[in-house]
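Novice: sequence below, structure please.
(one chain, ligands or ions: 2)
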Amino acid sequence: MAPAPIEEVQPSTKPVTSFSPKTCLELVDQLTPDQILREAQYALDSDLLALLTRATRSGATSQPDSKRLLEELKSHFKTMSENAHKPTFNFETLTTGISREIDQTADRLHQANSEMEKLQEQIGAAQQLLREVTRTTSPPASPTLSTGTTSSTPGTVPFEKLGAAEFVNFKAEDLDASCTYDRTYRNRRVAFYGEFPYRYPGGHHKARPIAENSYLKGIADELSKSHPTLDFNSAMVTKYDSPDSSIPPHSDDEECIVPDSSIVTLSLGAARQVIFRRKLPGEYKRQVITVEHGQVYVMSRASQEDWDHSVPSVKRADFQGLRLSVTFRLLRKPTIAPPVSAPPTGNSSISKTTQAPIRKVLILSDSKNMTFDCSLLSEPTVAFRKNLFYLRDLEQHSQSIAQADLVLISAGINDLRHGKADPITLHNHLAAFTGRFKSHFIFDSVSPVAMRADRFNGLNTDISKLNELMLEFSLRSRNFKLFDNLNFGLSHLARDGLHLNDSGKSSLSQCWVMCILIYLGIRKGKGGGLVTYINKRACDSQNIEKLKVNVDPNDYSGEFQFLKIHNCKGSNKTMIIVNFYRSPSKNPKNFIDLLDNIARGLDRHSRKQIMFFGDANIDLIKYDTDINGQNVIDILAKHSFAQLVSKPTRITDHSATLIDHVYTNNIENISSCNVLTYNISDHLPIATTIKVGNVSHSRRTNFDSYRYNITKQETRLFREANHQIFEQLIQAETWEDVLNTEGSSSKYNKFFEVYTKHYNTAYPLKSQRIRRKFERSDPKPWILP
Ligand SMILES: O=C(O)CCC(=O)C(=O)O
Ligand SMILES: [Fe+2]
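Specialist: Ligands and ions are numbered 1, 2, ... in the order given. Alright, predicted model coming up:
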């Protein structure tokens, strides 16, 4: 191409005055060589050299292109310099520099490429190694989908799309009309039909025949006809009827889905995206598909171990209307263990190798644990309680014991006290007995009796001897462990500065079953467990009642305890205490939904003082940026609850978070809420002082005065005289300034300003000295006298 003389050059686009790598890229990529040259000529005065250097550095031009461009430029410069009679312009030096730069850049590019390749090889090898390690430590994924999709190779996708024609005549609207939805989530509704119940984190559905819904049955029959290899016995309809309708990332990896089965989802109505993510570390990958009306996608149950999936919400503008999905699964029959009291004869071993091992827990206890609620155990665990007042009667339970995986024994006091057994004989009896079984035994330490020391001193000596012998046996036994309930509990409480009386000790003792089961992960909805201690001097135990709140017992998004306390400190008033905990592993959104339901349920008690205390694991320090923090505050505020804690409650070397919350529906009755700087645990204690009943004014205490040595505080006097002043000011106000202000928010601000001015005039702030005498009479108001 012959270069055009410089006089004739017209820039083809707007003059380029600065050259970012992006403009260079665009120039070089999008323009023809002719245009490049023109642009280069135009830009010569600005920074041609920079243009070319950057373009080549950023890899915008391939080496041959650059060279060709360079040649063209060379000849053009030659003409230009001749025409311009500029002997001093040394284009030779310039072009040689550019040429060298291009060569060096090409070398660098090449070098970077080969380094990148090497790195990629190393990453691949590391991922392979990781997979091998994972495969050898966990059983290999079962053969997957009947249609051939595999799960374990990172390169493959976890789904397969099947034909669509057979389902196009089914209509989302008709299916919707035929369904009775049995669960409503924040953004979607679900109707489940199936031979067996279906339980998944955050949800539980009872069995009901697919045939109950004839329209759905028609769809199921069509699936069986067109894809006879896909086996299923349940159908779950999910309704997405708004742009917000969505299902968050999850895996259908519940135990109750048959391992080798397929999970089949039919989509009816508007098209929606489904996002699959490979969740294994080092193998992250995202695959997005759009499923249209009538389309079916199939995932293997095995793929759920490595992948999750979700249906995201859509922008309002992109919402195309109602979509219903039907997910067909093959669920297994929940195994109900035979009652341990009537075991099949002869077989005393516990099968650990069956596909869905059911853990059987047997609780043999004297009266103290007889209230334990076995329904708190998660599937597949069953528990049976049997009364065992004497250890000497263990033999009577041997058949049940042989059936159990775990036997919790809490007895012994009666043997020592009434049976006159001596600790050594009891120990020998237990050691010989437990040695005959494969079952594991956990033995509750025997609590000392606190009665008249002169009469029972001997008994307590025997009790501690028995505990001691049991501890020794526990150290050498294969299947027997002492759970030192008493010391465990007392040492914790003593550390926390609390002291229990006898009934306190005995109620603590009742917790041991729960403690063990939580520890072993057998309790439903694994969690922290909650204890609410109420000091007897605040309220007699007969005035404490469990409050019934309509909460789905299968919702494990959070743990809650509801207590109703009557007559607290003789006040003739009723207070409701809600103690809560959200494990960090539980979805905060579901937890907030649950809180919303609970607070709604408590609305009818709104005239009572209601307090929520607990660890939400939602950091309110991050309130400005954390949607969960905003939601929890907003949702409770909607039910008139205010959050009281304002300082971090958990401080580590690396973090300070406000995750323990206190909410009240009546802030007037709260004297103070302070985080105490006392590290008895990883969470700091929060002391909230609540006024109960007719508290005299003088009893009110300002905590901050202790902690920060504040001797003055500012108050307003709400006297009759001040009320009158306020009324006069408000009546005399013409609100002219407000009316003359434009715009609703400016109007509001103006109103607030005028109102505050009058308020401050009528009720001026007065500095008051804090009386220190209460410090002496009531030095720790958060500890009851
Ligand atoms: O609607 C869909 O496509 C997905 C439904 C789903 O993932 C489920 O129900 O578990
Ligand atoms: Fe799913």
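
Novice: quick one: pLDDT of the residue nearest to Val551 when sequence neighbours are not counted?
Specialist: Nearest residue to Val551, sequence neighbours excluded (Cβ to Cβ, 6 or more residues apart in numbering): Ile598, at 6.1 Å. From N, CA and C alone the C-beta is placed, and that goes for glycine too. Reading off the confidence values, Ile598 has pLDDT 93.

Novice: cool, and Tyr678?
Specialist: 68.

Novice: now do the strands in the stretch 351-500 of the chain.
Specialist: For the stretch 351-500 of the chain, applying DSSP state E, counting those that start in this stretch gives strands covering 359-365, 381-387, 406-410, 440-444, 480-483.

Novice: quick one: the fourth one to strand 406-410, angle?
Specialist: Same thing as strand 440-444. 20 degrees (axes from the mean of the first three to the mean of the last three Cα atoms, to 10 degrees).

Novice: what does the first one give?
Specialist: Angle between the axes of strand 359-365 and strand 406-410 is 10 degrees (criterion: the same axes, to 10 degrees).

Novice: tell me the angle strand 359-365 makes with strand 381-387.
Specialist: Here strand 359-365 runs at 20 degrees with respect to strand 381-387, directions being taken by the same axes, to 10 degrees.

Novice: quick one: buried residues of strand 359-365?
Specialist: Applying a neighbour-count criterion of 16 or more other Cβ atoms under 10 Å, the buried positions in strand 359-365 are 359-365.

Novice: how is this protein carved up into domains?
Specialist: According to automatic domain parsing, the chain is divided into the following domains: 6-110, 159-329, 351-516, 525-703, 712-769.

Novice: among those domains, which is nearest ligand 1?
Specialist: Shortest separation from ligand 1 across those is recorded for domain 159-329, at 3.1 Å, computed as Cβ to the nearest ligand atom.

Novice: pLDDT below threshold where in the stretch 251-400 of the chain?
Specialist: Counting by pLDDT under 70, the stretch 251-400 of the chain shows low-confidence ranges at 280-284, 335-358, 368-373, 375-380.

Novice: can you pull the residues of it lying near ligand 1?
Specialist: Selection of the stretch 251-400 of the chain residues close to ligand 1 by Cβ under 6 Å from any ligand atom yields 252, 265, 274, 309, 311, 325, 327.

Novice: filter the residues you listed down to the ones in helices?
Specialist: Members of those lying in helices (criterion: DSSP state H): none.

Novice: what residues does the protein have near ligand 1?
Specialist: Applying Cβ under 6 Å from any ligand atom, one finds that the chain approaches ligand 1 through 236, 238, 247, 252, 265, 274, 309, 311, 325, 327.

Novice: neighbour count added to those, as JSON lines?
Specialist: Supplementary listing: the residues of the chain next to ligand 1 in JSON lines, determined by neighbours: other Cβ atoms under 10 Å:
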{"residue": "Met236", "neighbour count": "23"}
{"residue": "Thr238", "neighbour count": "22"}
{"residue": "Ile247", "neighbour count": "19"}
{"residue": "Asp252", "neighbour count": "17"}
{"residue": "Thr265", "neighbour count": "22"}
{"residue": "Val274", "neighbour count": "20"}
{"residue": "His309", "neighbour count": "24"}
{"residue": "Val311", "neighbour count": "23"}
{"residue": "Ser325", "neighbour count": "24"}
{"residue": "Thr327", "neighbour count": "19"}
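
Novice: so where's the stretch 451-600 of the chain uncertain?
Specialist: Along the stretch 451-600 of the chain, the parts satisfying pLDDT under 70 run over 451-457, 485-511, 515, 518-519, 521, 523-529.

Novice: any weak-confidence spans in the stretch 601-750 of the chain?
Specialist: Under the criterion of pLDDT under 70, the regions of the stretch 601-750 of the chain flagged as low confidence span 678-681, 693-713.

Novice: again, only this time at 80
Specialist: Filtered on pLDDT under 80, the stretch 601-750 of the chain yields the residue ranges 652-654, 677-682, 692-715.

Novice: helices along that one, start to end?
Specialist: Per DSSP state H, counting those that start in this stretch, the stretch 601-750 of the chain has helices spanning 627-638, 703-707, 720-732, 736-739, 744-762. These are given in chain order.

Novice: tell me the most buried of those?
Specialist: Burial of these is given as mean neighbour count (mean count of other Cβ atoms under 10 Å); helix 627-638 ranks first at a mean of 17.

Novice: contacts made by it with the rest, please.
Specialist: Outside helix 627-638, the residues that touch it by Cβ atoms under 8 Å, 6 or more residues apart in numbering are 588-589, 592, 595-596, 599, 612, 616, 618-620, 622-623, 642-643, 661, 663.

Novice: ok, of these, which come out buried?
Specialist: Using 16+ other Cβ under 10 Å, the buried ones in these are 588-589, 592, 595-596, 599, 612, 616, 618-620, 623, 643, 661, 663.

Novice: between all of the residues you listed, which two are separated the most?
Specialist: Largest separation among the buried ones among the contacts of helix 627-638 by Cβ to Cβ: Ala599 and Asp619, giving 20.6 Å.

Novice: of the residues of the stretch 251-400 of the chain next to ligand 1, which belong to strands?
Specialist: When DSSP state E is applied, those are split such that 265, 274, 309, 311, 325, 327 fall in strands.

Novice: so the closest residue to the fourth one other than its chain neighbours versus Tyr240, what's the distance?
Specialist: Nearest in space to Val311, with sequence neighbours left out and distances taken as Cβ to Cβ, 6+ apart, is Ile247 at 4.7 Å. For Ile247, the distance to Tyr240 equals 8 Å [Cβ to Cβ, to the nearest Å].

Novice: tell me, what's touching the two both at once?
Specialist: With contacts taken as Cβ under 8 Å, 6+ apart, Ile247 and Tyr240 have 188, 311 as neighbours in common.

Novice: tell me if I'm right that Thr574 and Leu563 touch.
Specialist: No - using Cβ atoms under 8 Å, Thr574 makes no contact with Leu563, being 10.6 Å away.

Novice: which element is Lys536 on?
Specialist: Lys536 is part of no helix or strand when elements are defined by DSSP states H and E.

Novice: number of residues surrounding it?
Specialist: With neighbours defined by other Cβ atoms under 10 Å, the count for Lys536 comes to 11.

Novice: also Asp241?
Specialist: Asp241: 18 surrounding residues under other Cβ under 10 Å.

Novice: picking up where we left off before, now, which of the residues of the chain next to ligand 1 sits nearest Arg650?
Specialist: Using Cβ to Cβ, Ile247 is the member of the residues of the chain next to ligand 1 that lies nearest Arg650, at 32.0 Å.

Novice: which residues touch the nearest residue to Gln295 once chain neighbours are set aside?
Specialist: For Gln295, ignoring the flanking residues on the chain, the nearest one in space by Cβ to Cβ, 6+ apart is Ala164 at 4.5 Å. Residues counted as contacts of Ala164 (Cβ under 8 Å, 6+ apart) are 292-296.

Novice: same check on Leu658?
Specialist: When contacts are counted by Cβ under 8 Å, 6+ apart, Leu658 is found next to 619-621, 645-650.

Novice: how about the residues you listed, which pair is most distant?
Specialist: With distances taken as Cβ to Cβ, the most widely separated pair in those is Ser646 and Arg650, at 14.3 Å.

Novice: just want to know which of these two has more residues nearby.
Specialist: Arg650 (18 against 11).

Novice: so that one touches Asp682, yeah?
Specialist: Yes - the criterion here is Cβ under 8 Å, and Arg650 meets it with Asp682 at 6.1 Å.

Novice: do me a favour and get the end-to-end distance for stretch 289-298?
Specialist: Using Cα to Cα, to the nearest Å, the end-to-end distance of stretch 289-298 comes out at 12 Å.

Novice: can you pull out the residues in contact with that stretch?
Specialist: Here stretch 289-298 has contacts from 145, 147, 149, 159-168, 170, 172, 223, 230, 262-274, 276, 325, using Cβ under 8 Å, 6+ apart.

Novice: could you do stretch 175-188 as well?
Specialist: The set of residues that contact stretch 175-188 without belonging to it, under Cβ under 8 Å, 6+ apart, is 189-192, 203, 205-206, 213-216, 219, 237-240, 242, 244-247, 268, 313, 322, 324, 326, 589, 593.
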